[in-house]
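S.K.: Fold the following, please.
(chains A and B)
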Amino acid sequence: MTFRTMLIPSAHVQLARDLAAAIDPVASVGLFMTALTDGTQVTHYISSGIVSDQFAMPLPCTTWAQDEEGAWVQVSHSPGDPQAIADIAAQLDPPFDVSSEQIAAAGAASDISEQEPFVAMGRMGLSLWQEEIEP
Amino acid sequence: MLDRSRSRDRSKTGDPFSPAGLFVTGAQGAWYDPSDFSTLYQTSTGTTPVTAVEQPVGLMLDRSRGLVLGSELVTNGGFATDSDWTKGTGWTIAGGVATHAAGTASALDQANVTTPGAWYEFTVNAVASGGTWALQLAGGSTTTIGSSLTTGNYTFIAQAAASNTTLRLFAGTGTTLEIDNISVRELPGNHATQATSASRPVLRARYNLLTRSEEFDNVFWGKTGTTITANAAVAPDGTTTADKIVEVTAASTPRVGRSFTTIISAVYTLSVYAKAAERDQIRIVLQGSGLLGPYFLLTGAGSVSGAGSTTSSITNVGNGWYRCVITYTATSTNADPYIATASGGAVIASGDNTKGVLLWGAQLLTAADQTSTGGAYQRIAAATDYDTSNPVFRPYLAFDGTDDSFGTSSIDFSATDEMTVFAGLTKLSDTSGMIAELTTGGASGSTYLLGSTGYQFRSGGTTLQNVDAASLPAPNTSVLTGIGDISGDVARIRRNGAVIDTNTGDQGTGNYANAAFFIGRRNNTSLPFNGRLYSLAVLGRTATDAELASMEAWVNGKTGAF
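M.R.: Numbers count the residues shown, from 1 in each chain, chains lettered A, B, ... in the order given. Sure thing, here's the model as predicted:
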């Protein structure tokens, strides 16, 4: 089991939701439902928590640390394995039609780390999009 | 099998109050008790029990029905005779074993085992080779209870979906499989699940906000003009884990520190154990400012002086050790605390590498946690390695404020227009977050407990009414009770055993809904709650005054709010 915080840009979120649900229709349905805003519009969707090693392994992951001035510095980055995800998608019944290039593009645009969600959101300058309570 | 020894209904034994007693008259509802690990499972299908803190929780059993398993529902589950089962191609029953021979993917079925909507515990013992098999409920859309199974004793807890009445063992084409026993027994209750792995709350019992609380040599702690000799002396707990902080020659204000995010206007308590060595004073500075920087004299009875001394204390805990404590209201988002060696009421202008002090057991608590734990020191070695032995470190479900939640299947409250909801919680954010809600919002017969800048309870039939416990900024720990009475036009919120507000506005007509009960988010999709849940119960009637008092006291025992 592995902890991950995943911030997916709006432009890629539907692919991420559909692909995750297709690959693991039990434990990965309902990901990326919480909207984040940069203060003007919804830019990302977030999921954060403990996921299986098999889920985390092919995804990119970046490690961050703060320097003495408190600025975030990238310590390491794993690009993940888009081809492995594409191969799994192709073997589904029915196959999920996605290319490794599409997956790589979504992964490159996303922010995936081991940081706690509000730390990652703070680093990205994002906050929860405030929903209406009513009705 | 469930360990029900820890889940027994005390109301039937003359023991002190048990929440189970609220439900003995048959009232609809649910009672969730995260402090009872035997009711928690890491997966939503109950395959992996929760055994320790920091594990995710995908299934939380409802204790309101006592967690008593029903009678055996499988006929000939031991395969003593070749009867009662419908055998697909390749299946045989003989010698107390059901066997599937490789060659054709096929099922072994028994009809009329389960009832749609009910929960069951499934146990099955299997020996398989050359492939995998699945445990399923068939009829309507097939529900797979367990898939990719091989050899072993399996236990699952799952709910029969619509039209699911047939128990099915399904073996793949290449699977050679032997089943020597299978059992299905009902497990009554409105159990709460979260299938999405990343959305499962985590069982936690952490209070100290600092990590590496006894390891000042760790990189967690910044060293400025100091070196650390790890495990240099016997600590207050008798272990040789106290570190010596030694000054670097000529260093200005030698110290150890750590930045830490705090909430402006929230109250925090920072403490550390210290013992004189060559230096007999320390100074604790908060927010990097001398405005909050008292000096602690580590001799005699101990004493405090300097800025911040009015909110500081020192306690002689024996063997030369003192617990130095400062409580303050954050005016910055960074606690930025440090501990400096000192002498004569001043920090050291030029360090001496032959001099230092001993430190151990650093802790930073919110005011709410200072109250609930009484300030008891909690060792934190790492995020997943910390002291849980003290009962004041009460376990809770941590909801991350982004996507964590549970949901139940529909709970039928349609026979009642009275509702009581009990919750013990800590709110860690003032952003609106759904603590618990019946229905997905707005529909007739709904009710919720919401955390925001305070708390809000909603109740109503065809008209919904809200009632607030206002202006309780995070972090805030409370025992909340929401009381709704549709025909009586009562929406009431109680906090920590007292009525806060009552709304007698018209709630229209009708009863509460037959609907799902969500915990931590609205409809498992929005308004995520950021905080801790120690206890939760929903009761489909108005609790009596005596029951309110007993239940609120019981919840407070799990919460430590007042």
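
S.K.: From now on I want contacts and neighbour counts done on CA atoms only, so please keep to that.
M.R.: OK.

S.K.: so what's B:S459 up against?
M.R.: Applying Cα atoms under 8 Å, 6 or more residues apart in numbering or on different chains to B:S459 gives the contacts B:G445, B:S446, B:T447, B:Y448, B:Q465, B:N466, B:G484, B:D485, B:I486, B:A491, B:Q507.

S.K.: Those residues in strands, which ones?
M.R.: Judged by DSSP state E, strands contain the following of the contacts of B:S459: B:T447, B:Y448, B:Q465, B:N466, B:G484, B:D485, B:A491.

S.K.: Give me the sheet partners of the strand or helix carrying B:D501 and which way each runs.
M.R.: Using DSSP states H and E, B:D501 sits in strand B:498-503. With DSSP bridges as the test, strand B:498-503 is paired with strand B:490-495 (antiparallel).

S.K.: who's in contact with the strand it pairs with?
M.R.: Applying Cα under 8 Å, 6+ apart, the contact partners of strand B:490-495 are B:456-459, B:465-469, B:478-485, B:499-505, B:507.

S.K.: Name only those of the residues you listed that count as buried.
M.R.: Buried members of the contacts of strand B:490-495, scored by 16 or more other Cα atoms under 10 Å in any protein chain shown, are B:456-459, B:465-469, B:478-485, B:500-505, B:507.

S.K.: show me the contacts for residue 39.
M.R.: As the question left the chain open, I've gone with chain A. So A:G39 contacts A:L126, A:S127 (Cα under 8 Å, 6+ apart).

S.K.: Chain B, not that one
M.R.: So B:T39 contacts B:D33, B:M60, B:L61, B:D62, B:R63 (Cα under 8 Å, 6+ apart).

S.K.: And for B:G26, the neighbour number?
M.R.: Neighbour count of B:G26, defined by other Cα atoms under 10 Å in any protein chain shown: 11.

S.K.: Quick check: closest non-adjacent residue to B:N112.
M.R.: Nearest residue to B:N112 in three dimensions, chain neighbours excluded: B:T165, at 5.0 Å (Cα to Cα, 6 or more residues apart in numbering or on different chains).

S.K.: Isn't the one you found up against B:A118?
M.R.: No: taking contacts as Cα atoms under 8 Å, B:T165 lies outside contact range of B:A118: 10.3 Å.

S.K.: Quickly find the element holding B:V538.
M.R.: strand B:530-539.

S.K.: Is any residue of that strand near chain A?
M.R.: No: legend: contact between strand B:530-539 and chain A by Cα under 8 Å from any Cα of the partner chain is lacking; minimum distance shown is 10.4 Å.

S.K.: Select the helix or strand of chain A having the lowest average pLDDT value.
M.R.: helix A:53-56 (a mean of 90; mean pLDDT, DSSP states H and E).

S.K.: chain center to the next helix or strand after that one: distance?
M.R.: Downstream of helix A:53-56, the first helix or strand assigned by DSSP H and E is strand A:61-66. On the basis of Cα atoms, centre = their mean, to the nearest Å, the separation between the geometric centre of strand A:61-66 and that of its chain is 15 Å.

S.K.: Alpha carbons of strand A:61-66, in PDB - could you do that?
M.R.: Output of strand A:61-66 as PDB, limited to C-alpha atoms (Å, rounded to 0.1, in the frame of the first residue of the first chain):
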ATOM      1  CA  CYS A  61       5.700  10.600  -8.700                       C
ATOM      2  CA  THR A  62       7.600  13.700  -7.600                       C
ATOM      3  CA  THR A  63       9.300  14.100  -4.200                       C
ATOM      4  CA  TRP A  64       9.500  17.600  -2.800                       C
ATOM      5  CA  ALA A  65      11.300  19.400   0.000                       C
ATOM      6  CA  GLN A  66      11.500  22.900   1.300                       C
END
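
S.K.: tell me which residues of whatever helix or strand comes next after it are tucked away?
M.R.: Using DSSP H and E, the next helix or strand after strand A:61-66 towards the C-terminus is strand A:72-78. Of the residues in strand A:72-78, none count as buried by neighbour count, 16+ other Cα under 10 Å.

S.K.: and strand A:72-78, anywhere near chain B?
M.R.: No: contact of strand A:72-78 with chain B (Cα under 8 Å from any Cα) is absent, the minimum separation being 13.9 Å.

S.K.: mind listing what's buried in stretch A:27-42?
M.R.: Quick answer for stretch A:27-42 (16+ other Cα under 10 Å): A:A27, A:S28, A:V29, A:G30, A:L31, A:F32, A:M33, A:T34, A:A35, A:L36, A:T37, A:V42.

S.K.: so the third one sits right up against B:T196, yeah?
M.R.: Yes: counting by Cα under 8 Å, a contact exists between A:V29 and B:T196, whose distance comes to 6.0 Å.

S.K.: can you pull the contacts of the residue in the stretch 201-350 of chain B that chain A sits nearest to?
M.R.: In the stretch 201-350 of chain B, the residue that lies nearest chain A is B:P201 (8.0 Å; Cα to the nearest Cα). Counting by Cα under 8 Å, 6+ apart, B:P201 makes contact with A:G49, B:P56, B:V57, B:G58, B:L397, B:A398, B:F399, B:D400, B:D404, B:S405.

S.K.: what's the burial count for the fifth one?
M.R.: Here the neighbour count serves as a burial measure; for B:L397 (other Cα under 10 Å) it reads 25.

S.K.: And for the second one?
M.R.: As a burial measure, the neighbour count of B:P56 was computed by other Cα under 10 Å and equals 26.

S.K.: Against which helices or strands is whatever helix or strand comes next after the strand holding B:V538 packed?
M.R.: Sequence-wise, the next helix or strand downstream of strand B:530-539 (DSSP H and E) is helix B:545-559. The contact analysis (3 or more Cα pairs under 8 Å, 6 or more residues apart in numbering or on different chains; DSSP states H and E) places helix B:545-559 against strand B:418-427, strand B:476-485, strand B:530-539.

S.K.: nearest to A:A11, of these?
M.R.: Among the helices and strands packed on helix B:545-559, strand B:530-539 comes nearest to A:A11, with 26.7 Å by Cα to Cα.

S.K.: For that closest one, output the C-alpha coordinates as PDB.
M.R.: Extracted in PDB, the C-alpha atoms of strand B:530-539 (Å, rounded to 0.1, in the frame of the first residue of the first chain):
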ATOM      1  CA  ASN B 530     -11.700  17.700   7.200                       C
ATOM      2  CA  GLY B 531     -11.300  16.300  10.600                       C
ATOM      3  CA  ARG B 532     -11.600  13.400  13.000                       C
ATOM      4  CA  LEU B 533     -14.500  11.200  13.800                       C
ATOM      5  CA  TYR B 534     -14.400   9.400  17.200                       C
ATOM      6  CA  SER B 535     -17.900   8.100  17.300                       C
ATOM      7  CA  LEU B 536     -21.200   8.400  15.300                       C
ATOM      8  CA  ALA B 537     -24.700   7.100  15.800                       C
ATOM      9  CA  VAL B 538     -28.000   7.800  14.100                       C
ATOM     10  CA  LEU B 539     -31.200   6.800  15.900                       C
END
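
S.K.: No further queries at this time; thank you.
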